[in-house]
Structures are given as C-alpha cells and as structure tokens.
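Quick one: sequence and predicted model below, then my questions.
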Amino acid sequence: MSKLQNTMNKWNSVDTVGDFLDFVENPNIDYKNWSNSFADSSRGGFWVGAKVKNIPDVSSFIDKNPQIKSTELSPTTMTPSERDHHEKFNYGNGYDRHIPPKELVKVADILGFKSPSVYINNQPPGTVMGRHVDTITCFLYDQPGDFKSQKFDRDRRQPQGSKDIWRCFVALDDWHSGQIVNFEPSFWTQWKKGDVLFFNWQYTAHSTANAGMHNRPFLKITGEIDNDQFILDAKQEQSKIKVFDYND
Amino acid sequence: MLKYKRNLDTVDYSQNRYTDSKKLHTHPYDPKLLEVVRDDLLKPRTCKEFLEWVDTHPHYDVVSEASSQYIRGTHKDECFWQCAEIHTDWSSINNDITDYCIKNEVDSKFNTDYSEEWRIYDMKEQKSYVPFRHNSELDNQRKHGFEKQYQLIEVTLTDVFPKLKELEKLFDFAWAKTDINYQPTSGAFPRHVDFLSTGFKRAVEFDTSIANAQYNPLTKCPEGWVLKRILIPTDHWYPGQMFTFEEHSWSNWLPGQVIDFSWQHSRHATANSGYNARPILKITGLIKENHWLAKGEYRKFEL
Amino acid sequence: MRYIKLKQKLINEIENLNKSDFYLLEGKLLFVKLEKANLVKEYLLQKMPSLQIFIDKPRNWQHWSQKYETEMFFNNLPKGIEI
C-alpha cells in the first residue's frame, strides 16, 4: 500500500476534531499529497468580499521581531510531514507571523467575525510561500473549551454543525510591483489597502511570493461570521462590495 | 579592433552627484531623484560609452529603475506576447537538462552571490551557475533578501547542449547568446528591467561599428539595430511557477512557446513556489529592423 | 504609452503644466499638487473619454525630497494607445 493510500485510509477514519488534529500531526502521513487532493479549480478561487477604509498604518507593528520568521520551519504553523516536505524543496515558513495588536484585531470585529484566529502575515521581499491548500489548524488550535471532542465534518473539513468557517486576507498596504499572490487559477494584483480577499479555502490551492522591494503585510482572519451575506453578495456581484469604516 | 578589458572594480564616484546616497537606495525611490537620474540616462552616448557609464555607475539599481517608462494599465500584449512556436523533442531536451542539473547539483547548490563576469569569452567548463550582476544591483537585491534567485546554465559558449545551439540558430540573431534560466523551487528574482548588457557587451567588445553606434536610451538599442531577448520554456508550466510583467502574469505555458517581451520597460519578476524546477531558455541578440521579429511577425518552426 | 513621450505631450499641450509638476514612480504619475493632476485628468478625458483614470492620495515617504498630493494611474489602456 502506498504512503498516500495509507494516509487516505487514516483520513477516512477521522471522526472528531481531536482525531483530525492527531491525523495532521502524524509525521508518517503524506500531508502534501493528501492536502493537494482537495485542490479543485472548478470550486476554488477568490474574490474581494469587502473593503475596510482608514485602517491604521502598520509599519511600526511589522518592524518588530515576528513571532515566527519567514525563514523558519515552525511546528506552530506546519505539521511534521509538512515541515519535511518544505525542507526538501527549500522552503521556510513563507511569511513573518506577528501577533496583531488590538488595533488590528478590531478589523476582524468590524467584519463581523466571532472568536476568530487573527494574525499578521507579512511577506518580506525575497520570500516565497510554497503552494498548498489550507487546513485551518491554527483556527482549530486557537478555539477555547472542549473543541477536540466535537464531531468533525470531513466534507467541509471543519467541526460538524458549525456555520461556514471563513478565511480572509485584509491588505494592510497597497500592492507594489513584484508582489505575487496566486489563488488558483487567478492572480490577485493591484489591491488597495483595506481590500479584503475571501476565498474557498477548502479547494483553492494558493501560493505567494514577494519579488518586490516592499513588505507585503496581510491580516489573516479565520472564523465564523454571524451575518456573512455580504460576502456571498460580493462574490455574485463585484459592484456590491460592502465598505466598512475602521473609524465607525 | 583590439579587445579592451574594462576594470569592473572601477566605480566612477564623480557620477555620484546625488545629494544623499543613503536615501538614494531606499525603496520606493524618490520620484524627483529618479527624474534626475533619468535625465542623465538620456544624454547622448555611443554604445561603448553607454556600457562604460552603466558599468561604472555607483547606483546601477536606481539607473535601471529610472530607465523604465512603464505606465500602469498598459495592455498585457504590450508587456509580453507569443511570437513563435517550436515543435521538437522537448522531452529529450528536458531530460538532458535534468541530468545535467542532477550531476552538477544545480538545485541543491543554490545561492545567488557575487561572481566574476566570465561570459564574454569562451568557456571550457562551467563551475558556477550564478548569473553575473552589477555590484550595486546585487547589493540592493541581497539587502532585500533575494539570496536564491535562479541558476544560469551556459549554452552558446559551450558544447554541452548541441540541440539548443541548433535552436538558437533558428532566430538568426547577430551576437546571439543563449542560456538556460533555471529556477529551482523556492527561488525568487526581484522585479527589474534590463539593459541586456551581458550579451550586448560581446558585440561592443568585438565590433567597432556597434561600439561606435549611437545608443538610444529610449529603446535601449543601438541605432540601426533592435536588441532582442526571447524566452522559450523547455517544459510545460507547473502550478506555483510564477512569471509576472508588472501587473500581468504569464502562466500555463507549453514547451516551445516563444515569448517576446518589453524587457526595456516592463518590470518583470519570477518566483518558483511550486515543486518542480522551472527551466526557460533565454536567447538574446541583435537584429535589424527588417527581421521578422522586428516586424511583429509570427513563425512556426520544426526542429 | 510611455512616460517621456506622454510627459512631453502634456507639458506642450496644457498651459501652466511644467516638468516639475509630476513624476513617474512604479508606473504611477505622482503630482505635487492636486490641481495639476485635475488639469491632466481633464485633458486626457477630453482626448479619450473612455480612458479609466484613477486618482488617489499617495503615501509620502520620509526619505523623499518633497511631498506629493496626488497619484494617478490607469486601467485597461487600449493596446497601442498614444495621445
């Protein structure tokens, strides 16, 4: 039996959130091929789901030492099997991760997220993030209480019975030439500070590279949103993008 | 004409008229300062004078940025376009490249550091795969974290890839120079415009008529000639391989699709965020204005 | 459309517009004064009414020798466009 077949058998036995986290942390699974099996360009893709005006300047936050450096292979953001794969192909974490100050966590509140996981992902010049499909483990680990005993929905790859878990990236600076963001099959380019990208994280393979000369800071937010209709409306019709104001 | 040897360690600091050289290299560049540099760039020079000016300029990276006249919103087809297609046994060519890279550890020994400029003259064997960069350009790149860019495998000046040398002849370039631009996984090359000076220098070194021709700083070509660079993927595109021209992207390529592009003005960048190395042939050379490429024609080749 | 040709044309055709009123940075035109940007926008729209022109407040950096009130950029310029 191949490593991938073995991995898929283990995956098919996952029943609870705890089982799922144990599964991804298993150093013997073929994590990369398992996660890539979900990439589906017919169901994947991204759209600008909202805009947030007047976000404060983030330069002072990203100038500080990050919690995780872009060059590291971190057990916090990667599973053991994922780390092995990254090392083999010369990748690091792919971005500097910073704990956001409350001024930036406010952006998640403004967008309507409940108990989200929020981080600053800054990609310094010269950094490349290897292509992958998300598994939102950072969100699951961040949840309080007895999350692990909850049943796990393997089709949606999130806790059973929960509302849709959204992941978005809020641009904290304008786009600069050389910054490359690929949410397959398309490229996000020429964003303005405050643009909020939503994507179907379950099916969208993505990768980023900063071949420019400026930092590329995004705010990564993961969680449920009570009133998420505005995201779906914007997906249908780009002229219906909801604009929020940080100062409201 | 006798070949002259330029002293590449000579930096002409008399050109350093700009008031604050620390701020000069800080991104984003000062727009007013870029205009001053652009005015310097536009002064009339012969090709030989221009190459000496660029070679000894202490602020190559700023000169390069100032030389781009790109306006955002420019149509994609004015940044890059397919100009030809070549049908041949690409599978066998790729196998040759892969075998060479495994044997010479091109993927694992991946670091873009300073190197000697050795590509003017014939090579007996290639020991280093680091592309030559102007010191000021590489200083700027390394300062910004670009330590793994791409590897450059020589074709024209060696006999390692005879099939590719045959391919080079299809385009009938004067002073043709072909390399394999090979980007291992995780490599990133920062956004830039070109002067194509490495190939152009050979022409200037050995041909007085080109050396003494006026250099057109708007087209970045010698008067009476068109300096061309074309790109030819030898393998098909894999997800995660990135090639951008300003706000536009090139992807889903097939081997043998020949791309012409605005190397002079359109800032281009590459990165490999996938799990397969990315080999692209780069052919540079001079053509006259009646050449089919200069006339915007399309050709199909069978080799 | 290339910067130097565009700039020459604009300076020649628009009264009260000078060389030092605007510059090029990373594909965008940076104007020292908003009123000059408006002059250029008006002129361009007269020549090409369907042109998509965007005007925004730029970020001014500490290391720059002067400040700019406006940045202007375009979208979907037709192929081969010249003014």
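Right, received. Where do you want to start? Predicted, not measured: the structure shown is a model, and the values here were computed from it. Residues are numbered from 1 along each chain as shown, chains lettered A, B, ... in the order given.

need the residues of chain A near chain C, please.
Contacts of chain A with chain C, taken as C-beta under 8 Å from any C-beta of the partner chain, map to A:174, A:176, A:177, A:192. C-beta coordinates here come from the backbone N, C-alpha and C atoms, glycine included.

Help me confirm that the third one comes into contact with residue A:210.
No. The pair residue A:177 and residue A:210 fails to qualify as a contact (C-beta atoms under 8 Å) at a distance of 11.0 Å.

ok, the two, which is more surrounded?
Taking neighbours as other C-beta atoms under 10 Å in any protein chain shown, residue A:177 and residue A:210 compare with residue A:210 leading, 32 against 28.

residues near the nearest residue to residue C:56 once chain neighbours are set aside, how many?
Spatially, and ignoring its direct neighbours in sequence, residue C:56 is nearest to residue C:71 (5.4 Å; C-beta to C-beta, 6 or more residues apart in numbering or on different chains). The tally of other residues near residue C:71 (other C-beta under 10 Å) stands at 22.

Listing partners with orientation, what would you give for the one helix or strand residue C:71 maps to?
Element membership for residue C:71 (DSSP states H and E) is strand C:70-75. Strand C:70-75 sits in its sheet next to strand C:28-31 (antiparallel), strand C:52-56 (antiparallel), going by DSSP bridges.

Pick out the shakiest of these, pLDDT-wise.
Lowest mean pLDDT within those: strand C:52-56, at a mean of 94.

what residues does chain B put near chain A?
Checking chain B against chain A by C-beta under 8 Å from any C-beta, the hits are B:27-28, B:72, B:110, B:141, B:144-148, B:184-191, B:239-240, B:242, B:244, B:246-247, B:249, B:267, B:269-275.

Produce a PyMOL select command limited to the buried residues of those residues.
Selection of buried members from those for PyMOL, criterion 16 or more other C-beta atoms under 10 Å in any protein chain shown:
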select buried, chain B and resi 27+28+72+110+141+144+145+146+148+184+185+186+187+188+189+190+191+239+240+242+244+246+247+249+267+269+270+271+272+273+274+275
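
If we check chain C, which of the residues of chain B next to chain A are in contact?
Of the residues of chain B next to chain A, the ones that also sit near chain C (C-beta under 8 Å from any C-beta) are B:28, B:72, B:246, B:267.

what's the closest of those to residue A:51?
Lowest distance from residue A:51 to these (C-beta to C-beta) belongs to residue B:72, with 19.9 Å.

if we look at the helix or strand of chain A with the lowest mean pLDDT, which residues are touching it?
Lowest mean confidence among the helices and strands of chain A (mean pLDDT, DSSP states H and E): helix A:137-142, at a mean of 84. Identification of contacts with helix A:137-142 by C-beta atoms under 8 Å, 6 or more residues apart in numbering or on different chains yields A:17, A:20-21, A:24, A:76-77, A:79, A:116-117, A:119, A:147, A:159, A:165, A:167, A:222-223.

what's the neighbour count on residue 58?
You didn't say which chain, so I picked chain A. Residues contacting residue A:58 under the criterion other C-beta under 10 Å number 21.

wrong chain, I was asking about chain C
Neighbour count for residue C:58, taken as other C-beta under 10 Å: 19.

any idea how far it is from chain B?
For residue C:58, the distance to chain B equals 10 Å [C-beta to the nearest C-beta, to the nearest Å].

Please identify the buried residues of stretch A:93-112?
Buried residues in stretch A:93-112, defined by neighbour count with 16+ other C-beta under 10 Å: A:93-98, A:100, A:104-108, A:110-112.

Grab the most central residue of chain C for me.
The centroid of chain C falls nearest to residue C:29 when counting by C-alpha atoms, centre = their mean (4.3 Å).

show me the contacts for the closest residue to that residue other than its chain neighbours.
Leaving aside its sequence neighbours, residue C:29 sits nearest to residue C:72 (C-beta to C-beta, 6+ apart; 4.4 Å). By C-beta under 8 Å, 6+ apart, residue C:72 lies in contact with C:28, C:29, C:30, C:31, C:37, C:40, C:41, C:53, C:54, C:55.

Show the buried residues in the residues you listed.
The neighbour-count test (16+ other C-beta under 10 Å) marks C:28, C:29, C:30, C:31, C:37, C:40, C:41, C:53, C:55 as buried among those.

Contacts only, for the second one.
Taking C-beta under 8 Å, 6+ apart as the definition of contact, the neighbours of residue C:29 are B:71, C:22, C:23, C:37, C:40, C:71, C:72, C:73.

now swap in the last one and tell me
Under the criterion of C-beta under 8 Å, 6+ apart, the contact list for residue C:55 reads C:37, C:41, C:70, C:71, C:72.

Look up the residues forming beta bridges with it.
residue C:72.

likewise the first one?
Using DSSP bridges, the bridge partners assigned to residue C:28 are residue C:25.

And it, how far from residue C:11?
To residue C:11, residue C:28 is 18 Å away according to C-beta to C-beta, to the nearest Å.

how about the nearest residue to whichever residue of chain C sits closest to chain A, chain neighbours excluded?
Closest to chain A within chain C is residue C:26: 5.2 Å, counting by C-beta to the nearest C-beta. Excluding the flanking residues, the one nearest residue C:26 by C-beta to C-beta, 6+ apart is residue A:177, at 5.2 Å.

what residues are up against residue A:4?
By C-beta under 8 Å, 6+ apart, the contact set of residue A:4 is A:30, A:33, A:34.

Which parts of chain B are strands?
B:45-46, B:80-87, B:151-154, B:174-183, B:188-192, B:214-216, B:221-222, B:226-233, B:241-245, B:248-250, B:257-261, B:268-272, B:278-287, B:299-302 (DSSP state E).

Columns distance to residue A:216 and mean pLDDT on top of those strands, output as TSV?
Below are these laid out as TSV (distance: least, C-beta to C-beta, whole Å; pLDDT from 0 to 100):
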stretch	distance to residue A:216	mean pLDDT
strand B:45-46	38	96
strand B:80-87	23	98
strand B:151-154	25	94
strand B:174-183	20	96
strand B:188-192	12	96
strand B:214-216	36	97
strand B:221-222	34	96
strand B:226-233	26	98
strand B:241-245	13	98
strand B:248-250	16	97
strand B:257-261	24	98
strand B:268-272	12	98
strand B:278-287	22	97
strand B:299-302	39	98
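
what about the residue in chain A that chain C sits nearest to, distance to residue A:90?
The minimum distance from chain A to chain C, using C-beta to the nearest C-beta, falls at residue A:177 (5.2 Å). Separation of residue A:177 from residue A:90 (C-beta to C-beta): 25 Å.

likewise residue A:71?
Distance of residue A:71 to residue A:90, computed by C-beta to C-beta: 11 Å.

Same question for residue B:297.
Going from residue B:297 to residue A:90 by C-beta to C-beta gives 41 Å.

out of the two, which sits in the busier spot?
Taking neighbours as other C-beta under 10 Å, residue B:297 and residue A:90 compare with residue A:90 leading, 17 against 10.

Flag every residue of the stretch 101-250 of chain B that's near chain C.
Where proximity means C-beta under 8 Å from any C-beta, the interface of the stretch 101-250 of chain B facing chain C comprises B:218, B:246.

show me where pLDDT drops low in the stretch 101-250 of chain B?
Within the stretch 101-250 of chain B, not a single segment meets pLDDT under 70.

before we move on, the earlier item: report the buried members of the residues of chain A next to chain C.
With burial judged by 16+ other C-beta under 10 Å, the buried subset of the residues of chain A next to chain C is A:174, A:176, A:177.

Now do the contacts for the first one.
Residues near residue A:174 by C-beta under 8 Å, 6+ apart: A:191, A:192, A:193, C:59.

want to try TSV for these, with pLDDT as columns?
Formatted as TSV, these follow (pLDDT from 0 to 100):
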residue	pLDDT
A:191	96
A:192	94
A:193	96
C:59	91
